[in-house]
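Asks: Sequence first, then the predicted structure:
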Amino acid sequence: MASTPAETSARMRDISPALAFDAQRLGEYLRAHIEPLQLPLRVSQFEGGQSNPTYLLEDARGQRWVLRRKPPGKLLPSAHAVDREYRVMSALAGSDVPVPRMRVLCTDESVIGTAFYVMDWVAGRIFWDPRLPGLSPGERGALFDEMNRVIAALHRVDPQAVGLGDYGKPGQYVARQIARWSQQYRASQTEPMPAMENLMQWLPEHVPQGDEVAVVHGDFRMDNLIFHPSEPRVLAVLDWELSTLGHPLADFAYHCMAWRLGPGQFRGMSGEDLGALGIPTESQYVAAYCRRTDRDPVPREQWEFFLAFNMFRLSAILQGVLARALQGNAASAEALDAGARARPLAEAAWAQVQRIGAA
C-alpha cells in the first residue's frame, strides 16, 4: 500500500517466492467454507505490512476477500498470532468498534504452509501520513475526531460481555509487556543498542501505580484503519495481532506517539503547525478521549511514562522486523527500512525518560 497526496488505496505486489503458496489448494479449501466462492481463485499480495503477510483473494465472479497468515520460517515465541486476530474481531462484530466480517480460521498448515484466516474485503481509504496532505483542515479534524471516538469505544467494551474475559491476563499489563518486549528484543537483537539496555533497566522500576483492564488493540495507528471513501467514518480497524487485555491508557499512549515523533521516525507529526492543519493538539486529543471514556485528566508523569514505554515497545517490535528481514522472511520489501528505525526510536525513548527525570 502506498500513499497519494490525499489518501491511499491498496497497492499490490508480486508475491515474493518466500511467501508463495498453492492458490489452487487454497481455493479448494475455501470453497468448502465460503459461499458462494467460485474457482479459479486469483491471489495477489498487499504491499506493506511488517508482520503477518496479507493477500487479496478474488474469485471467478470478482468477489474479494483478504487472507492473513503467519509468515514461514523461524518465529519468535507468541508472535504472529493470527488465531487471536480472528477471535477478537469475531467477538467485536456488532459492537461500536468497526471490524471486517470474519469468514474462516485455518490452523491446518498443510493448506498453505502456515495458519491463516480469511475476512471480507473492505473498500475505503487508508491514510499513511497523519498530517493528511491534500485534505482541508475541516476534513483533517473530522478524521481525527473519528479515530478518537473509535479507540474510546474499544476501551469501553466490556471484555466479559463479548466473550473476551479470558483474552489475556487481567492485571500488571505494563510490567508484563516490558518483560515480554525485553525478551523479544533479546531474541532478535542484531547489534548492541545502549538505549535499549538503559530502558530495560529503568522501565520496570518506574511503572506507575494503579491498574486498569480493557480490550486493547496494541497497534492502533491511523494506517491500521479503513475510512469510508468520502465520509469521516471508520469502516474497519485492522491488524489486531498485538491485541489482549491490558491498560487502556498504555494503548492510547501508543496511538498518541504520532504527536511526539517526527515523520522520519515513525509516521509522526512532531514539529508541524497543527492549528493550521486543523489537527488537534496532543492535549486536546487526550482531553477528548478522557471525556469519551468518563476519565479524569491523566496525571502528567503517568502519561509521560506511557509514551516512553511505547517508544521502547515499538523499537523492540521494529527490531523483530529487522531480524526477519535479515533472515529473508519478512512480510514487506520495506522491512529493512522499517527495522532500521529501531535504534532512533530507542534513543528517542531514552531521551523521553531523561525528560521525565529532569521534570
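Replies: Alright, I've got the coordinates. Numbering: from 1, shown residues only.
Asks: Please name the nearest non-neighbouring residue to the residue most central in space within the chain.
Replies: Centroid-nearest residue in the chain, with Cα atoms, centre = their mean: residue 219, separated by 2.9 Å. Spatially, and ignoring its direct neighbours in sequence, residue 219 is nearest to residue 242 (5.0 Å; Cβ to Cβ, 6 or more residues apart in numbering). Every C-beta, even on glycine, is put in place using the N, C-alpha and C of the backbone.
Asks: My read is that that neighbour contacts residue 220, right?
Replies: No - counting by Cβ atoms under 8 Å, residue 242 stays clear of residue 220, with 9.5 Å between them.
Asks: re earlier: the residue nearest to residue 219 in helix, strand or coil?
Replies: Classification of residue 242 using DSSP: H, G, I helix; E, B strand; the rest coil returns coil.
Asks: since we're on it, how many residues are nearby?
Replies: Counted with other Cβ atoms under 10 Å, the neighbours of residue 242 add up to 21.
Asks: Where do the domain boundaries of the protein fall?
Replies: Domain assignment for the chain by automatic domain parsing gives 2-120, 137-358.
Asks: deepest of the ones you listed, which one?
Replies: Each of these was scored by mean neighbour count; the highest is domain 137-358, a mean of 18, by mean count of other Cβ atoms under 10 Å.
Asks: roughly how far apart are the residue nearest to the centre of the chain and residue 52?
Replies: For residue 219, the distance to residue 52 (Cβ to Cβ, to the nearest Å) stands at 11 Å.
Asks: cool, and residue 24?
Replies: Noted for residue 24: a distance of 22 Å to residue 52, by Cβ to Cβ.
Asks: Show me the strands in the stretch 51-200 of the chain, by range?
Replies: All strands of the stretch 51-200 of the chain, identified by DSSP state E, counting those that start in this stretch, fall at 54-58, 64-69, 102-106, 116-120.
Asks: can you put these in TSV and add mean pLDDT?
Replies: Below are the strands of the stretch 51-200 of the chain laid out as TSV (pLDDT from 0 to 100):
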stretch	mean pLDDT
strand 54-58	94
strand 64-69	95
strand 102-106	97
strand 116-120	96
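Asks: Dump those strands to CSV, plus distance to residue 271.
Replies: Shown next, in CSV, are the strands of the stretch 51-200 of the chain (distance: least, Cβ to Cβ, whole Å):
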stretch, distance to residue 271
strand 54-58, 32
strand 64-69, 35
strand 102-106, 40
strand 116-120, 37
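Asks: Minimum distance to residue 344: which of those strands has it?
Replies: Within the strands of the stretch 51-200 of the chain, the stretch nearest residue 344 is strand 54-58; the backing value is 26.4 Å (Cβ to Cβ).
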